[in-house]
Every structure is written in structure tokens, then in C-alpha cells.
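1. structure for the following, please:
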Amino acid sequence: MSATDKPEDSARTLGLMVEGEARRVLSEGQLRADPALVAEGWERRFITDAARLAEVVALYEELGFEVRAVPVQAEQVGEDCEDCQVASLLRFQTVYTRRR
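-> Residues are numbered from 1 along each chain as shown. Predicted structure coming up:
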């Protein structure tokens, strides 16, 4: 991101990233949000791997959000998804945001 990027461009870029990440191994229906974070006002956005995390954090911060990345824990993944449990051990992060 450069200083000359418009917020609309950042929002569009972020939207495309979120859309792509939603199609990855861990989907909305396979991972539950952390109830303690939800109670603190955080909203679970999606799961990403370490390669995309810095870019996602920068984009959300540019759009005025606080961002928190939490490693996916095996106990957060439903028991009926063995592939998801394996994937959770591969450095996936759950991205949470809330407005500043």
C-alpha cells in the first residue's frame, strides 16, 4: 500500500482478498469464533495463512479497524472435519476486527 492509494482501492483490494480466503481450506461453517473475543466486540472475519497476514492487517488498519490475529487452535475446529484439524496446525490465523 502506498500513501497515494484511495480508501476505495483499499476496500476493493481487501474485498478480493477476503473473497479468496473464504474459499480456502477452513470455511465459515468449519470454525467457530472465540466467544471471549466476540464478547469484547471483535468480529471474526476469516482465516488466512502467514503469507497473507501482514497485508490483511495493513488493509484493515488503513480502513480504520483494530485488527487481531489469533492462531487457529485444534479445539476450535469441529470434530467432523479431520482435514480442518490438520490444517489448523499449519500456522493458520483467524483475523478479528473491530472499529476504533
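
2. could you use CA atoms for every contact and neighbour count after this?
-> Noted.

3. check the spacing between L16 and A33 real quick.
-> Distance, L16 to A33, using C-alpha to C-alpha, to the nearest Å: 22 Å.

4. name all residues that make contact with the closest residue to E61 other than its chain neighbours.
-> If the residues on either side of it in the chain are set aside, E61 comes closest to V67, at 6.7 Å by C-alpha to C-alpha, 6 or more residues apart in numbering. By C-alpha atoms under 8 Å, 6 or more residues apart in numbering, the contact list for V67 reads V57, Y60, E61, V95, Y96, T97, R98.

5. now V67, what's its secondary structure?
-> strand (DSSP: H, G, I helix; E, B strand; the rest coil).

6. which residues pair with it across the strands?
-> Taking DSSP bridges as the rule, V67 bridges to T97.

7. follow-up on the earlier one: which among the contacts of V67 gets closest to F46?
-> Using C-alpha to C-alpha, V95 is the member of the contacts of V67 that sits closest to F46, with 5.6 Å.

8. average pLDDT across stretch 65-84?
-> Taken as a whole, stretch 65-84 carries a mean pLDDT of 76.
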